[in-house]
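Enquirer: Okay, here's the prediction I keep looking at, along with the sequence it came from:
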Amino acid sequence: MLAALILLSVGIIEIQAGGTPICPTITTPDWGEVSCSNENNVGSRCNLSCQAYFDLVGTTGDAIETSCGFDGMWSTATEFECVPIKCFPEQVSPENGEVICSANNFAQSVCVFFCKEHFDMVGLSAANNAHAICKDDGDGDEIGQWVSSDGSTDFQHPFPPQCQPIRCPTTMEAPLNGQVICSNRDYSGSYCVLFCRDGFKFANRKEKIVFSSCSKEDGHDSVGEWSMPDAPSCRQCTRAEEVQLVALIHESEGDRGQYQVATSMIAKVLTILRRRHGINPTLRVNRYSSSVDASNEVFTTAFTLKSSKREIDAIPYPGKGANTTTALRYMDQRLTGDRSAKIAFIFTNELRDFDAEMEMKARNLVEREVSLFVFTLPQKNRARTWIREQLVKITRDDTRVYALPRMRFTNKYKDEVAAKINDITMTKGCDFLI
């Protein structure tokens, strides 16, 4: 269809070929919509509006209505602008929490709030997957309104929500005659270690250490629970029902000085055990070389300094050679009973035969809860034939290896060895406390 432009005093009018004027074409802005009954012809009625979730600038209405007159002019201005509806303020992560929004603070954006582990949410219907939606409040401007997850705009709880630490109702208390150490007091995630003082043990438990942690399974009251609410009681231990001591001695041929150092150490330790600690072990003493003659063993259930030591001093020399593995095997046969404290003394002036079999036999004894002590005896005009690291592999405990190069060293170590045996008997007694 042909058209012409006519310049009038009011402006430029576009005329169709038939002589009927037409109105200027309406430009559709971003996010805008133009709907006309007959395009831009005379008599056409047009609605100028914005897409959903956008606001029409300059009016509180939803649309601008205009019509094309016979003068080729629209009845109203046709330039319009659409802006996105936004909610304020923009949502930010709460302290100790996080917020994730689908479209920042634009209309229909959904903001979901989370709290970090060990924190609980307060406010914004925390029990209903706390979130807020930016919606058009319908008042005709570009500012929307946050609506909570339960559909309310009247927030009765803090908004945005707050994340507060989950805490157990009370701090974990130490057991009587025990101690407790907690990583973070009564807060969720706190890990508490409970144990008894020396000489005490948890009643009705095999464990020497128990644990309790503060956590929360469900709900939104910020109150956690201890995995073990009440600390178990600690009962005082009693000494092991029986204490057994086996001592084997190896010394050089004709060197009675070595043997006297060994027997003196045994006598002094047993005397201290009886007088100071009230312990009277059953005692087996023998000498060993490449073998152990069981018929030479001195056995007593009531050691006395005079008579018992005299019997020990009278054990005959077994001959040359040294087989410590055989000595360990002999000890294994003599130390019996599950409820007794088992102590083994090895006195040696050499260790030429250390090998994997010896180490394995010693390990088996330790696994049977035998407490091994090794004492090295003085050597006259001879190079040392033992290595401390090897001796430790026998005892499995660096503190139970003692060098006795002179008689006076028996006085130096007697109290220490007796104290260790006392501790062993108490530990063994604790093991069987129910």
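Expert: Nice, I can see it.

Enquirer: who's in contact with the residue most central in space within the chain?
Expert: Computing the C-alpha centroid of the chain and ranking residues by CA atoms, centre = their mean puts Tyr191 first, at 7.1 Å. For Tyr191, the contacting residues are Cys182, Ser183, Asn184, Phe211, Ser213, by CB atoms under 8 Å, 6 or more residues apart in numbering. Where C-beta positions appear, they are placed from N, C-alpha and C, glycine not excepted.

Enquirer: what's around Pro378, how many residues?
Expert: Pro378 is flanked by 18 other residues according to other CB atoms under 10 Å.

Enquirer: Use 493 as the first number from now on
Expert: Done: numbering now begins at 493, and the last item shifts to Pro870.

Enquirer: quick one: which helix or strand includes the residue nearest to it when sequence neighbours are not counted?
Expert: Nearest residue to Pro870, sequence neighbours excluded (CB to CB, 6 or more residues apart in numbering): Pro897, at 4.8 Å. Under DSSP states H and E, no helix or strand contains Pro897.

Enquirer: what's the burial count for Pro897?
Expert: Neighbours of Pro897 using other CB under 10 Å come to 12.

Enquirer: now swap in Arg697 and tell me
Expert: The burial count for Arg697: 15, using other CB under 10 Å.

Enquirer: and Val856, what helix or strand is that in?
Expert: If you look again at residue 856, you'll see it is Asn, not Val. Using DSSP H and E, Asn856 falls in helix 848-859.

Enquirer: relative to helix 848-859, how tilted is the helix or strand that that helix is followed by?
Expert: Sequence-wise, the next helix or strand downstream of helix 848-859 (DSSP H and E) is strand 862-868. Here the directions of strand 862-868 and helix 848-859 differ by 130 degrees (axes from the mean of the first three to the mean of the last three CA atoms, to 10 degrees).

Enquirer: Contacts only, for Glu525.
Expert: Asn539, Leu540, Ser541, Cys542, Gln543.

Enquirer: Repeat the analysis, applying 6 Å as the threshold.
Expert: Ser541 (CB atoms under 6 Å, 6 or more residues apart in numbering).

Enquirer: Strand partners (parallel or antiparallel) of the helix or strand where it lies?
Expert: Taking DSSP H and E as the criterion, Glu525 maps to strand 524-528. Here strand 524-528 has these sheet partners by DSSP bridges: strand 537-542 (antiparallel).

Enquirer: for stretch 661-677, what is the average pLDDT?
Expert: The average pLDDT for stretch 661-677 rounds to 92.

Enquirer: go on, stretch 521-531?
Expert: 96.

Enquirer: so where do the strands sit in the stretch 643-792 of the chain?
Expert: Secondary structure of the stretch 643-792 of the chain (DSSP state E, counting those that start in this stretch): strands at 654-657, 670-674, 683-688, 692-694, 701-707, 717-718, 726-728, 734-741, 774-779, 790-792.
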